[in-house]
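1. Sequence and predicted structure, then a few things I'm wondering about:
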Amino acid sequence: MPGLIRFRWIAIVSMCLGILPLLYWGFLPKRNILYFIAVIVLLALFNVIAQGLWPKEGPTRQKHILINLYIDLLAAAGLLFVSGSANNPFISILCIHAFLGGMLLRQKTSPIFGLTVLGLLGILQYETYLDAQTTLGTDDSELFLNFLSQWVLVGASWFVSHYFSRLLAKNEERIRVLQDRQHQADRLKALGALTAGFSHQLATPMNSLKLRMERGLRKLEGIDTSREEFEKAKVSLDECVSVFEHMASVFSRSSQAELQNVELERLVPDLLKVWEKENPTAVVEKMIMNESMPCRLQVLSFSHTFFDLLNNAQEALADTATVYLRLYKDNSWAYLEVTDRGTGLSEEILSRLGEPFVTSKVDGNGLGLYSASMMAQASGGEFKIFNNSSGKGATAQIRLPLED
């Protein structure tokens, strides 16, 4: 049974029990008792129907909640109107309605519902004010003070529940994102372990095959045609061995290396100098925030990833084009971005980002981005690539948590 339905049954029972006290203290005139009971009966019938029609999930759920809350609010306001209005000791029930509206409703419907509750409260208070004008000895200042306290209570109920509802919604969204990220990380780790084991098993016989081919080449001196074919076969075999060794090293680095405390604003410029020295024709436009960015990461893996990203960006450009490097922090995260103005990446590559052997380069092995994903996840961060909004090129982004 939905919570709102269950809560309405409790409210109906409470209203039935409240009839006698309201009659005893004169808040409910006898001439209105049939109206009072009729509203309770209609509310009970509505609750039975609502229970049968209540959707389990889906986009119409918010509409059902909104309709139910408005019917409850109108019923409560109607009962209060015939039983003392703002002088009714149960006027605080409007606080519960405001609380439920702030907690259960989303987006614009929540503040609109809160304003509706305040509007009905104002009508009840006005009716009470008119009755007070016909009563001798009424202290208007005390009456207005009571009205003000009712407004504060109803408004505060809506605001507090709405505030915590938004916090809960953000936490739910964050948990969903973390679950999706954990699922992807587990899948990549399992895939990496399988691939690394496969590579390890194949590396030994392929190395043996490579040695035998080298011996065969030495025995084929003078037979140019056969030697040429064997040399081509050896080059292909060398590439296979290189891929297997790279795959095994990537998994080994990401799973066994220890995290170290580093100052990212110092490490990145040092690595950039090394890369620029090895690539003297490269043009890098850097923007590094001059603030402390302490992180815990695998330095060796991070260095490999950093060089891979710069190499990828350079290969995506013409020789004289510029690679853009940004290092900055936002709240409790450090961001490293490498941007190029090349042709960008296809949707297929972006959808399979982080999987080994997925690459858009003809001679690439697809292990660089996989290594970057493993490195970022091992540090509690995230790696992603997206095409630039300008339509030219792509940006690789590493997000790492900052240490306190």
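-> Ah, there it is. Numbering: from 1, shown residues only.

2. tell me the phi and psi of residue 335?
-> The phi and psi values for residue 335, taken as degrees, to the nearest 10, are phi -120, psi 130.

3. Next up, the contacts around it.
-> Residue 335 makes contact with 326-329, 397-399 under the criterion CB atoms under 8 Å, 6 or more residues apart in numbering. The way it works is simple: take the backbone N, C-alpha and C, and place the C-beta from them, glycine included.

4. if you set the cut-off to 7 Å instead, what comes out?
-> 328-329, 397, 399 (CB atoms under 7 Å, 6 or more residues apart in numbering).

5. Between all of these, which two are separated the most?
-> Checked with CB to CB, the contacts of residue 335 reach their widest spread between 329 and 397, with 13.2 Å between them.

6. what's in contact with stretch 94-106?
-> Residues contacting stretch 94-106 (CB under 7 Å, 6+ apart): 62, 65-66, 69, 72-73, 76, 110, 113-114, 117, 121, 153-154, 157-159, 161-162, 165.

7. can you give me the strands for the chain?
-> In the chain, the strands defined using DSSP state E lie at 260-263, 283-288, 294-297, 322-330, 333-339, 382-387, 394-401.

8. Can you dump the C-alpha atoms of the longest one in PDB for me?
-> Taking C-alpha atoms only, strand 322-330 is exported to PDB below (Å, rounded to 0.1, in the frame of the first residue of the first chain):
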ATOM      1  CA  THR A 322      48.200  23.500 -31.100                       C
ATOM      2  CA  VAL A 323      47.300  21.100 -28.300                       C
ATOM      3  CA  TYR A 324      45.500  22.800 -25.400                       C
ATOM      4  CA  LEU A 325      46.200  21.600 -21.800                       C
ATOM      5  CA  ARG A 326      44.200  22.700 -18.800                       C
ATOM      6  CA  LEU A 327      44.700  21.900 -15.200                       C
ATOM      7  CA  TYR A 328      42.200  23.300 -12.700                       C
ATOM      8  CA  LYS A 329      40.200  22.500  -9.700                       C
ATOM      9  CA  ASP A 330      36.500  22.800  -9.000                       C
END
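
9. Check which helices and strands that strand sits against.
-> Under the contact criterion of 3 or more CB pairs under 7 Å, 6 or more residues apart in numbering; DSSP states H and E, strand 322-330 touches helix 264-278, strand 283-288, helix 299-315, strand 333-339.

10. With mean pLDDT as new columns, can those be given to me in a markdown table?
-> Converted to a markdown table, the helices and strands packed on strand 322-330 look like this (pLDDT from 0 to 100):
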| stretch | mean pLDDT |
| --- | --- |
| helix 264-278 | 92 |
| strand 283-288 | 90 |
| helix 299-315 | 87 |
| strand 333-339 | 93 |
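
11. can you redo the strands of the chain as CSV with distance to residue 92?
-> Shown next, in CSV, are the strands of the chain (distance: least, CB to CB, whole Å):
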stretch, distance to residue 92
strand 260-263, 54
strand 283-288, 57
strand 294-297, 51
strand 322-330, 44
strand 333-339, 44
strand 382-387, 47
strand 394-401, 45
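
12. Residue 29 is nearest to which of those?
-> Closest to residue 29 of the strands of the chain is strand 322-330 (CB to CB; 62.9 Å).

13. From residue 90, how far out is residue 347?
-> Distance, residue 347 to residue 90, by CB to CB, to the nearest Å: 59 Å.

14. Looking at these two, which has the bigger crowd around it?
-> residue 90 (17 against 8; other CB atoms under 10 Å).

15. what about the closest residue to the more buried one other than its chain neighbours, neighbour count?
-> In this structure, residue 90 finds its nearest non-sequential neighbour in residue 18, 6.6 Å apart by CB to CB, 6 or more residues apart in numbering. Residue 18: 19 surrounding residues under other CB under 10 Å.

16. so where do the helices sit in this structure?
-> Applying DSSP state H to the chain gives helices spanning 3-24, 33-53, 61-81, 93-104, 109-133, 140-219, 224-256, 264-278, 299-315, 347-351, 368-378.

17. What's the PyMOL line that selects buried ones from the contacts of stretch 94-106?
-> In PyMOL syntax, the buried subset of the contacts of stretch 94-106 is picked out as below (16 or more other CB atoms under 10 Å):
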select buried, resi 65+66+69+72+73+76+110+113+114+117+121+153+154+157+158+161+162+165
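
18. Dump stretch 25-38 to PDB, restricted to CA.
-> Taking Å, rounded to 0.1, in the frame of the first residue of the first chain, the C-alpha atoms of stretch 25-38 are listed here in PDB:
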ATOM      1  CA  TRP A  25     -15.600  22.500  22.800                       C
ATOM      2  CA  GLY A  26     -18.000  24.200  20.300                       C
ATOM      3  CA  PHE A  27     -15.700  24.300  17.300                       C
ATOM      4  CA  LEU A  28     -18.000  22.100  15.200                       C
ATOM      5  CA  PRO A  29     -21.700  23.400  15.200                       C
ATOM      6  CA  LYS A  30     -24.300  20.600  15.200                       C
ATOM      7  CA  ARG A  31     -25.800  21.900  12.000                       C
ATOM      8  CA  ASN A  32     -22.500  21.100  10.200                       C
ATOM      9  CA  ILE A  33     -22.000  17.600  11.600                       C
ATOM     10  CA  LEU A  34     -23.600  15.900   8.500                       C
ATOM     11  CA  TYR A  35     -21.400  17.900   6.200                       C
ATOM     12  CA  PHE A  36     -18.400  17.000   8.300                       C
ATOM     13  CA  ILE A  37     -19.200  13.200   8.200                       C
ATOM     14  CA  ALA A  38     -20.100  13.400   4.400                       C
END
